[in-house]
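Novice: Sequence plus predicted model, see below.
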Amino acid sequence: MSKRTLHMNRRRERILDAARDLISKRGFEKLTMRALAQASDVTVPTIYNLIGNKDAVLGAAIHDGTMRFFDDVPSGHNPVAILEKNVAELLRQPAYYRPLLRVLLNGGASDAMAEIDALYLQHLSTTLQAMSERGELESWVDCDILAERLLSNLYGAASEWATGLVSDKALPLVASYDANIALAGVATEAVRTRFQNRARRLQKGDIAGGRARSLARKRKAAKRRG
C-alpha cells in the first residue's frame, strides 16, 4: 500500500470515528459537514472527495461497523449467538446506535442497509444450512426463508428498542426469545428441547416488564412536554 493510500485511509477512518462520536452526542439530524470536518481535522471538500455527502458518510460508518462485526463471528456459529452478539453490540454504544437505527428505520442510507441485510442473511443462511446438514432442522425447512424471519425478528426488537418501547435490560431477552421460539418450531427432536428450554428460561425474565416500564416512561415524558 502506498503512503498516499495509507494517508487517505487514515483520514477516512478519522472522519468516520468523528461521525460516530457526533451522532452519539447530537444525533444524525444535527450532524453537519462543517462540524464533521472540524471534528476530524479535515476540510469539507476532503470529506466529499474521500466519502461523499452526509448520507454517504452514514452509509460508510454502517458498512465499516458491520464488516468488523462479521470479522469477529466464527464460521458455522450458532444463529442465535449471531443475533445475541449483535444485540450486545447495540448495547455497547446505545447513544450511537439508537439514533442510527431511527435513521435507518425511516429509510436513510438505503444502499448501506441493503448491504447489511445481504451480509446478515448470508451468515444466518450458512449457519442454518450447517444445522440442517447435522440433522438439527426438519428436512422441509428452507434455510433462506428462515434466515429472513430471524433477521426480521431482530430488526423488530431493535426497532422497539431504538424508539424506547423496549428497555436496555429487556432487549437481549426479547431478541433471544424470538430466535429460540422460531428455531424450536423447526428443529428436530434431537435439539428441539435445547431451544425450548432456552426460551422457557428467557420467558421467566423481565421481557414484558421491561417493555411496560419503557412505555410508561415514554408516556410520562410526553405528558410533561404536553
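Specialist: Received, thanks.
Novice: Who are the contact partners of Ala179?
Specialist: Ala179 is in contact with Pro79, Val80, Leu83, Glu84, Leu150, Asn153, Leu154, counting by CB atoms under 8 Å, 6 or more residues apart in numbering. From N, CA and C alone the C-beta is placed, and that goes for glycine too.
Novice: redo that, cut-off 7 Å
Specialist: Pro79, Val80, Leu83, Leu150, Asn153 (CB atoms under 7 Å, 6 or more residues apart in numbering).
Novice: Among the residues you listed, which lie within helices?
Specialist: Per DSSP state H, helices hold the following members of these: Pro79, Val80, Leu83, Leu150, Asn153.
Novice: Tell me how many other residues surround the third one.
Specialist: This means Leu83. Using other CB atoms under 10 Å, Leu83 has 24 other residues around it.
Novice: contacting residues around it?
Specialist: Contacts of Leu83 (CB under 7 Å, 6+ apart): Leu150, Leu154, Ala175, Ala179.
Novice: Can you list the buried residues in stretch 179-190?
Specialist: When burial is assessed from 16 or more other CB atoms under 10 Å, stretch 179-190 yields the following buried residues: Ala179, Asn180, Ile181, Ala182, Leu183, Ala184, Val186, Ala187.
Novice: ok, now how distant is Ala88 from Asp72?
Specialist: 11 Å (CB to CB, to the nearest Å).
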